[in-house]
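# Dropping a prediction and its sequence here:
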Amino acid sequence: MPIYNFSAGPAVLPQPVIAQIQAALPSFQNSGMSILEISHRSDLFEQVINDAEQDLRDLMAIPDNYRVLFFQGGGTLQFTAAPLNLATNHHHIGLLDSGHWAQRAGDEAQRVGTKVTVLGSSAATHFDRLPVIEQPLDPTLDYVHLTTNNTIEGTMTTDLPATGDIPLVADMSSNFLGESYRVSDFGLIFAGAQKNLGPAGLTLVIVREDLIGHAQQLPSMLDYQLFADKHSMFNTPPVFAIYAAGLVLKWLKQQGGLAAMTARNHAKAALLYDFLDQSQLFTNPVKASDRSTMNVPFVTGNAELDAAVIAGASQHGLLNLKGHRSVGGMRASLYNAMPVAGVQALVDYLAAFEAQHH
């Protein structure tokens with residue numbers, strides 16, 4: 001029986017990448033050393049990190065005036081690093097409140113003395129849609145923070161808000177490389193790797209050069225300019241996580257790049273949404289135009305029935321479908337490495353469950 005992992009993160013990885021990692025574990029490139037033990041100062045690893053950056057630049061068409069930085073600490077640490085590095089003029093940012101992770105970003109910015117103005121929120125409708133900017137933008141805003149994909153609530157931004165000359169900062173953690181965006185539309189993009197790119201432990205930062213280098217007396221591990229100057233090697237970077245991400249980037253190129261992957265993800269999501277929309281048992285609460293292609297929450301309306309769905313799914317090799325504890329129900333995460341066959345297996349199982357219980 002095939003196993004399909006619908007976890008929201010750490011999430012499914014491409015099988016060819018798993019096989020490559022397995023082969024490299026005893027001796028990386030015939031060095032006699034495992035990929036787990038090579039030095040970050042070695043020529044072997046320098047090639048790994050350089051290739052990863054170049055492949056990312058190729059896939060996302062990253063302009064030359066943007067720096068690519070490899071961090072640790074997850075997207076959550078960037079909730080602190082972004083205001084410390086970029087909110088240096090007025091210490092004031094705008095926030096689009098689209099749910100849990102946007103609110104966390106606002107909370108962390110306030111912890112380091114940054115004023116946070118909520119420009120729009122969809123809290124009144126339990127985040128079943130994306131917020132819109134509801135007020136004129138204050139020219140003192142250093143940037144506007146946006147969560148492009150809301151992993152818990154199941155919403156995704158494709159049409160970016162108009163912010164004029166105010167930089168847009170995007171937490172892209174859960175649809176990074178799964179949806180196509182133009183990098184030049186953002187001042188800063190950051191993303192934890194553990195959704196679409198690799199194992200936990202690596203965070204990607206893509207930042208416009210003119211926005212960094214203005215902060216004073218930052219902790220070294222949060223300083224974008226220092227990391228840019230040191231080629232992300234101020235200290236020991238997450239060697240294995242960067243290696244694994246590099247393999248995924250090469251796999252993405254083999255799949256046809258970002259445009260092909262985006263189209264595939266939209267088709268996978270449509271397969272599941274089409275079933276949910278005609279179902280008499282399952283419902284998806286999200287406004288249709290704002291639905292995520294990465295994370296699809298759904299419910300029966302009965303907690304006991306939801307639990308039965310999840311238990312039965314596990315017996316059919318459909319794993320990690322339990323919804324986030326704050327919303328309950330089920331959630332299927334359809335990241336890049338989830339094959340169409342996995343989504344079809346889920347739809348077939350849900351249809352059979354409905355036939356037995358409705």
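Received the coordinates, thanks.

# what's the domain layout of this protein?
15-254, 256-357 (automatic domain parsing).

# report the longest helix in the chain, please.
helix 257-278 (DSSP state H).

# Quick one: the strands in the stretch 251-358 of the chain, in order.
295-298, 318-319, 330-333 (DSSP state E, counting those that start in this stretch).

# Out of these, which is closest to G246?
With Cβ to Cβ as the criterion, G246 lies closest to strand 330-333 of the strands of the stretch 251-358 of the chain, at 22.5 Å. Every C-beta, even on glycine, is put in place using the N, C-alpha and C of the backbone.

# what packs against that closest one?
Counting contacts by 3 or more Cβ pairs under 8 Å, 6 or more residues apart in numbering; DSSP states H and E, strand 330-333 packs against strand 295-298, helix 303-315.

# deepest of the ones you listed, which one?
For the helices and strands packed on strand 330-333, the largest average neighbour count (mean count of other Cβ atoms under 10 Å) is found in strand 295-298, namely a mean of 26.

# What strands line up against that strand, and which way round?
In the sheet, strand 295-298 lines up against strand 330-333 (antiparallel) (DSSP bridges).

# So what's the gap between the partner strand and the chain middle?
15 Å (Cα atoms, centre = their mean, to the nearest Å).

# per-residue pLDDT, R325?
In this model, R325 is scored at 80, pLDDT.

# show me where pLDDT drops low in the stretch 251-358 of the chain?
Nowhere does the stretch 251-358 of the chain drop to pLDDT under 70.

# if we can go back for a sec, output the helices and strands packed on strand 330-333 as CSV; include the columns distance to T117.
Formatted as CSV, the helices and strands packed on strand 330-333 follow (distance: least, Cβ to Cβ, whole Å):
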stretch, distance to T117
strand 295-298, 27
helix 303-315, 37
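
# Just tell me which of these ends up closest to A351.
Proximity to A351, assessed across the helices and strands packed on strand 330-333 by Cβ to Cβ, is greatest for helix 303-315 (11.9 Å).

# if we look at the closest one, which residues are touching it?
299-300, 319, 321-323, 328-330, 346, 349-350, 353, 357 (Cβ atoms under 8 Å, 6 or more residues apart in numbering).

# cutoff 6 Å now
With contact meaning Cβ atoms under 6 Å, 6 or more residues apart in numbering, helix 303-315 is reached by 300, 321-322, 329, 353.

# one step back: what packs against the longest helix of the chain?
For helix 257-278, the contact count by 3 or more Cβ pairs under 6 Å, 6 or more residues apart in numbering; DSSP states H and E identifies helix 340-357 as packing neighbours.

# run the last query once more with 7 Å
helix 43-60, strand 295-298, helix 340-357 (3 or more Cβ pairs under 7 Å, 6 or more residues apart in numbering; DSSP states H and E).

# Give the buried residues for that helix.
257-258, 261-262, 264-265, 268-269, 272-273, 275-276 (16 or more other Cβ atoms under 10 Å).

# same check, this time on stretch 351-358
Quick answer for stretch 351-358 (16+ other Cβ under 10 Å): 353-354.

# Return it as CSV; C-alpha atoms alone will do.
Extracted C-alpha coordinates of stretch 351-358, given in CSV (Å, rounded to 0.1, in the frame of the first residue of the first chain):
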residue,chain,number,x,y,z
ALA,A,351,-15.9,9.6,-1.5
ALA,A,352,-16.1,6.1,-0.1
PHE,A,353,-16.3,7.4,3.5
GLU,A,354,-19.1,9.7,2.5
ALA,A,355,-21.0,6.9,0.8
GLN,A,356,-20.9,4.9,4.1
HIS,A,357,-21.7,7.8,6.5
HIS,A,358,-24.1,10.2,4.8
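
# That stretch: how far from the chain's middle?
33 Å.

# quick one, the longest helix of the chain and helix 43-60 angle?
Computed by axes from the mean of the first three to the mean of the last three Cα atoms, to 10 degrees, the angle separating helix 257-278 from helix 43-60 equals 60 degrees.

# any idea of the angle helix 257-278 forms with helix 340-357?
With the same axes, to 10 degrees defining the directions, helix 257-278 sits at 10 degrees from helix 340-357.

# that older thread, mind giving me TSV with the strands of the stretch 251-358 of the chain and columns for distance to I206?
What follows is those, written out as TSV (distance: least, Cβ to Cβ, whole Å):
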stretch	distance to I206
strand 295-298	22
strand 318-319	32
strand 330-333	23
